[in-house]
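Engineer: Okay, predicted coordinates and the sequence, questions at the end:
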Amino acid sequence: SRVASSNIQMSRFDGKVWTMDAKITIMGEWDPEETRGYNNFNAFERDDQGNCCDANGKFPGEGNYKDPKRPDTNWESMTRDRE
């Protein structure tokens, strides 16, 4: 039997929790003069619908978009983050 393989390289954050630290890391390495890629994009950019991108820089409706894994949160941690 044949097994299909893919040569598509995804972001190093693909499949991991898409945390604020991960977004800041991607943003710090972003070079807007270079071609947008899986590790070269503005992690805080929003599409025209207001959606955030995933860990690969893709937006809902684009090919290869994956719903990001988000960190667990609760009221206490959200309040602490705001301080």
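Structural biologist: Sure, I can see it. Numbering: from 1, shown residues only.
Engineer: where does the chain dip in pLDDT?
Structural biologist: For the chain, residues meeting the criterion pLDDT under 70 lie at 1-8, 81, 83.
Engineer: Name all residues that make contact with the residue nearest to residue 65 when sequence neighbours are not counted.
Structural biologist: In this structure, residue 65 finds its nearest non-sequential neighbour in residue 58, 4.2 Å apart by CB to CB, 6 or more residues apart in numbering. All C-beta spots, glycine's among them, are computed from the backbone N, C-alpha and C. Applying CB atoms under 8 Å, 6 or more residues apart in numbering, we find residue 58 in contact with 64-66.
Engineer: In which helix or strand does residue 58 reside?
Structural biologist: For residue 58, there is no helix or strand it lies in under DSSP states H and E.
Engineer: any idea how far residue 42 is from it?
Structural biologist: Look at residue 58 and residue 42: by CB to CB, to the nearest Å, they are 13 Å apart.
Engineer: what about the residue nearest the centre of the chain, which helix or strand?
Structural biologist: With distances taken as CA atoms, centre = their mean, residue 55 lies nearest the centre of the chain, 1.9 Å away. Secondary structure from DSSP H and E places residue 55 outside every helix and strand.
Engineer: how about it, what does it touch?
Structural biologist: By CB under 8 Å, 6+ apart, residue 55 lies in contact with 10-11, 13-16, 18, 22, 66, 68.
Engineer: now swap in residue 47 and tell me
Structural biologist: Neighbour list for residue 47: 53, 59-60 [criterion: CB under 8 Å, 6+ apart].
Engineer: and if we set it to 7 Å?
Structural biologist: residue 59 (CB atoms under 7 Å, 6 or more residues apart in numbering).
Engineer: Could you report the distance from it to residue 18?
Structural biologist: 16 Å.
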